[in-house]
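Undergrad: here is a sequence together with a model predicted from it:
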Amino acid sequence: MPKRPRPLKDPVYRHRLLQVLADGALVALAFFLAFLLRFDHGIPPRYQELLEDTIAAVVVTKVAIFAAFGMYQKWWRYVGLRDIETILRAAITASLVVVGGLFIWSPTENDVPRSVAVMDFLLTVALIGGVRLAVRSVLERPPRGAVLPKGQEVLIVGAGEAGQLIAREMQKSPDLGQTPIGFVDDDPRKRGMRIHGMKVLGTTDELETLLEDIPSEEVIIAIPSAPGVVRGRVVRPCRERDIPVRTLPGVFELISGSVNLMRQVREVRVEDVLGRDPVELQIRRVGAYLHDRTVLVTGAGGSIGSELCRQIARVQPRLLVMIEHAEDNLFEIEREMIEERHFTGCESILVDCRDEDRMHEVMRRFRPDVVFHAAAYKHVSLTEDNPLEAVRNNAIGTRVCATAAAAAGTGKFVLVSTDKAVNPVSALGASKAMAEWIIQAYGQRYTGTIFCCVRFGNVLGSSGSAVTLFRNQIEKGGPVTVTDPRMSRYFMTIPEAVQLIIRAGNLAQGGDVFVLEMGEPVNIMDLAANMIRLSGHEPEKDIKIEIVGARPGEKLHEDLFNEGERPVPTGAERILKAERPPLDPDWVEGVLEQVERLVAEGDEAFLAERIAELWKQPGWLPVET
């Protein structure tokens, strides 16, 4: 059925028609002025005839070309820099077409003078672009004599496009109750400049001094890509003066949210001041190898496992098999996948990864192309009190899953590991180190499956992490408990850790140990103090920090590489490879047999003694095969 034409009373149609008519008049004026300016004593009769014979064709041609460039799909009040670029390109095209057409057509004996053609182009750009900018300026200017309410005075950090958008939004929308009073920007070229009537007052290094002289009631960080170091320089002096700080979200958050930037301003989060730029990958590109494949995730209800499921679902696998032994966790991730994310290509399997028969059955049934093994016990204190379960779940469970995957013909098997596996001093670290040994040994033994492991530090917001614990303690009024003021840890967010795990899985060649580059370690005492300040309180004054001493199995500082391992770049951002001679698969198998026997016997004391010996005797060291 053919589309009905828009009626003339349609406001969109009427508005576009007015724009076309206005541009037609401006094009005619530019063409006439070009002839008038070319001749000092009036237009000669022969050129007057040329003007009269061609002006209608010039107007129609140029307006048609402007329409082809999409110039009538946007209201003039919203014109911006990109629209001026479009006008310039359209004017160049139109001028070339007009000059060429008049040369071929030759309606009179005289051709259009070159100087007229050049002036016509310049006048067209000036009139078409200038009128649009003038309309925008008039419409955005407050009514004459109007008294604008002066709201909360806001200092904007960042005089780029985002900062200017925020300032303009405040100026145009008095109901927001905020008034921009100036910019802070680290670009020395902007110092002293006036942007939208406000001055760039200085840099973030000078913010402490600026806040003494400027009556700012709030500071907004309008730099979505600002590194943690810059955010930290802003937050610290503001918190000392009880000035609230808000920040624009990153690009991914803006894409998923409202177009109103002022509604997108949020409170500064602790991850904003960790001193490291976040890793942002295009998951559809780095995870393309999972598209239309069967992917299995163990520990699918945990912090890392559930985020793996979310990210993998975005690349549209043929089937996502979610393995979990905790019923509530599996129920929640299944509900989220189906009801919230509308991803129905998933299967939920309630099974314990340590159950050898069931895992072989599941692997044979689904024959996954890629397995991400995220199932693990991860709390140092609990695993230290229950070393048998730590080894049973983290080491023996990894062997069971890896063996079942290899038997089912899985293409890739990725183990999620931890920095606690490096030079371990705890049952958790030892169990994860043994899991890494299994992966390295199986990389040599089962050549039909590519095995690799990905090692990284703490993730922000995971269950039981320091950040989650501190947040809960602050909400209850404290105290915030820190084990040791010297303690430091590596941190990254759950989404970036998972994206790097998926990226590392595509890099694997067999038996690889990939290490996620975590930036500089964060002092836990500083982290606790910063979180207290970010919550609007002062450490020790409002909320106490209590030193409780390191628990058994905890290190003061974590490492990302074992002795004898050499970090090697992989070509992928923030992913390194721990290079060392391969482990002897027979030695690994012998160790596992001893450990499994001790676990089966329930000999906890001898198990701990045996595990400790593994790092003392030379037999555990990597050997050439």
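TA: The structure has been received and is ready for your questions.
Undergrad: all contacts plus neighbour counts: C-alpha atoms, from now on.
TA: Noted.
Undergrad: pLDDT on the helix or strand where residue 24 lies, on average?
TA: Element membership for residue 24 (DSSP states H and E) is helix 11-38. On average, the pLDDT along helix 11-38 is 81.
Undergrad: for that helix, name the packing helices and strands.
TA: helix 45-68, helix 114-140 (3 or more C-alpha pairs under 8 Å, 6 or more residues apart in numbering; DSSP states H and E).
Undergrad: lowest-pLDDT helix or strand in this structure?
TA: Lowest by mean pLDDT, DSSP states H and E among the helices and strands of the chain is helix 251-256, with a mean of 43.
Undergrad: which parts of the helix holding residue 24 are buried?
TA: Using 16 or more other C-alpha atoms under 10 Å as the test for burial, helix 11-38 gives 15-16, 19-20, 23-24, 26-32, 34-36.
Undergrad: tell me how far it is from the chain's mean position?
TA: Distance of helix 11-38 from the chain centroid (C-alpha atoms, centre = their mean, to the nearest Å) equals 45 Å.
Undergrad: closest to residue 548 out of the helices and strands packed on helix 11-38?
TA: Residue 548 lies closest, by C-alpha to C-alpha, to one member of the helices and strands packed on helix 11-38: helix 114-140, at 58.6 Å.
Undergrad: what helices and strands are in contact with the closest one?
TA: On a contact count with 3+ C-alpha pairs under 8 Å, 6+ apart, helix 114-140 meets helix 11-38, helix 81-105.
Undergrad: what mean pLDDT would you report for that helix?
TA: 81.
Undergrad: and the next helix or strand past it?
TA: strand 152-157.
Undergrad: contacts for that next one, please.
TA: The contact list for strand 152-157 (C-alpha atoms under 8 Å, 6 or more residues apart in numbering) reads 163, 167, 177-185, 204, 215-223.
Undergrad: buried set for it?
TA: 153-157.
Undergrad: JSON lines for the helices and strands packed on helix 114-140, including distance to residue 344?
TA: JSON lines is the format used below for the helices and strands packed on helix 114-140 (distance: least, C-alpha to C-alpha, whole Å):
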{"stretch": "helix 11-38", "distance to residue 344": "41"}
{"stretch": "helix 81-105", "distance to residue 344": "41"}
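Undergrad: tell me the phi and psi of residue 178?
TA: As for residue 178, its main-chain torsions (degrees, to the nearest 10) stand at phi -140, psi 140.
Undergrad: ignore the last one, residue 512
TA: When read as degrees, to the nearest 10, the backbone of residue 512 gives phi -80, psi 150.
Undergrad: any idea how far the residue nearest to it when sequence neighbours are not counted is from residue 351?
TA: With C-alpha to C-alpha, 6 or more residues apart in numbering as the criterion, residue 512 has its nearest non-adjacent residue at 4.6 Å, and that residue is residue 452. Plainly put, residue 452 is 23 Å away from residue 351 if you go by C-alpha to C-alpha, to the nearest Å.
Undergrad: compare the two (neighbour count), which wins?
TA: Neighbour count, other C-alpha atoms under 10 Å: between residue 452 and residue 351, residue 452 has more, with 28 against 18.
Undergrad: now do the contacts for the residue lying closest to residue 194 once chain neighbours are set aside.
TA: Excluding the flanking residues, the one nearest residue 194 by C-alpha to C-alpha, 6+ apart is residue 200, at 6.4 Å. Residue 200 makes contact with 159, 182-185, 190-194 under the criterion C-alpha under 8 Å, 6+ apart.
Undergrad: can you flag the buried ones in those residues?
TA: Among these, the ones that count as buried by 16+ other C-alpha under 10 Å are 159, 182-185, 190-191.
Undergrad: farthest-apart pair in these, please.
TA: Longest span within the buried ones among the contacts of residue 200, C-alpha to C-alpha: 182 and 190, 12.3 Å.
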